[in-house]
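**Q** Next input, structure requested:
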Amino acid sequence: MVMASFAGDSLALGAHWIYDTRQIAAEFGRIEGLLDPDPNSYHATKRRGEFTHYGDQMMVLLESLAASKRFDLSDFSKRWRSLFKGYNGYLDKATKATLANFDSGADPTVSGSSSTDLAGAGRIAPLIYASRNDLEELVESARAQTKMTHNNPLVIESAEFFARVVWKVLEGGFPVSVIREVVGERFKNTPIAEWVSDGLDSVNRESVQTIGHLGQTCHAAQAFPSVIHLIAKYENNLKDALIENVMAGGDSAARGMLVGTVLGAWLGPESIPAEWIAGLVEVQKIESLIGEIQESCKARSV
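**A** A predicted model of the protein is given here:
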């Protein structure tokens, strides 16, 4: 689950934020492996196998969970701010606004920007892994980590939605069935219910055109239904889900992180192409941190 989320971000790096899908196809062909970003892209300082600024933040969260043995908002906020001191990558508006709020004295419970970007909810795979034995803790921490940078009700609710979905998937539930269950239990008559309906209703349509119709941007209202479409259409094929996500353009990194989280939890490590994992620059670090979290989870369960 965690590795698939990182892979979803890294696979998107080369074509991230290219909205013209014809350009993606012409320049890269069908993207089936990790790529170097274009020198004129938002991620020109990166190289293949590294992460976008989203994946870098997820790495900070993974580090914090390993060090603190559970989610600690204060520790995460300090590590998050440290990441962006002399950061060799792109700073989006949500990050800049959050940093400005911290600089003005805000604590991490009120530091978040008003951004509607789904990426704020996209980092939660490490949290789910660390809190998989405590649903209440998981939901609370998923909401808190999102709010720290994206203090927008719908983005925070999106984090809770996907946390609850993956919780049930890890218990053996089929992703599409679980998505319907979670909507019925917690999100009736909300925008999230509408987004889920839009995503599920599009399952028989071609993905690049569908995501173009639903919306390629960072905003939750567009990215969320596109994530649902990809999960539903490729429920048993994580590889194709992440490839089609990148080929659809726009904010493919945020979508890829969440698609990887859900389908990685469902399909397991064998569903991720081995060359994607081997190509991640920080794969050994990720594996080591996951191991530390696993040990702390064992200790807590004794």
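
**Q** as a whole number, average confidence for the helix or strand where Thr261 lies?
**A** Per DSSP states H and E, Thr261 falls inside helix 252-267. Averaged over helix 252-267, pLDDT sits at 98.

**Q** which helices and strands does the helix or strand just after that helix pack with?
**A** Where DSSP H and E defines the elements, the next helix or strand beyond helix 252-267 is helix 274-279. The contact analysis (3 or more Cβ pairs under 8 Å, 6 or more residues apart in numbering; DSSP states H and E) places helix 274-279 against helix 2-12. For the C-beta atoms, the positions are set from N, CA and C on the backbone; glycine is no exception.

**Q** residue ranges with poor pLDDT in this structure?
**A** 301-302 (pLDDT under 70).

**Q** now the residue nearest to Glu275 when sequence neighbours are not counted: how far from Asp240?
**A** Distances taken as Cβ to Cβ, 6 or more residues apart in numbering place Gly33 nearest to Glu275, at 6.3 Å, with adjacent residues excluded. Going from Gly33 to Asp240 by Cβ to Cβ, to the nearest Å gives 14 Å.

**Q** repeat for Glu63
**A** 31 Å.

**Q** Comparing the two, which shows the higher neighbour count?
**A** Higher neighbour count among Glu63 and Asp240: Glu63, with 19 against 14, using other Cβ atoms under 10 Å.

**Q** Which strand or helix spans that one?
**A** Going by DSSP H and E, Glu63 is in helix 53-68.

**Q** Would you mind pulling up the elements that that helix packs against?
**A** helix 2-12, helix 73-83, helix 125-130, helix 252-267, helix 283-301.

**Q** out of these, nearest to Thr21?
**A** Across the helices and strands packed on helix 53-68, the minimum distance to Thr21, taken as Cβ to Cβ, is reached by helix 252-267, at 10.5 Å.

**Q** Pretty sure Ala223 sits against Thr217.
**A** Yes. The pair Ala223 / Thr217 is scored as a contact, 7.0 Å apart, by Cβ atoms under 8 Å.

**Q** Those two: who's more crowded?
**A** Ranked by neighbour count (other Cβ under 10 Å), Ala223 and Thr217 place Ala223 first, with 29 against 18.

**Q** I'd like the distance between the more buried one and Ser158.
**A** 9 Å.

**Q** shared neighbours of these two, anything?
**A** By Cβ atoms under 8 Å, 6 or more residues apart in numbering, Ala223 and Ser158 have these common neighbours: Leu118.
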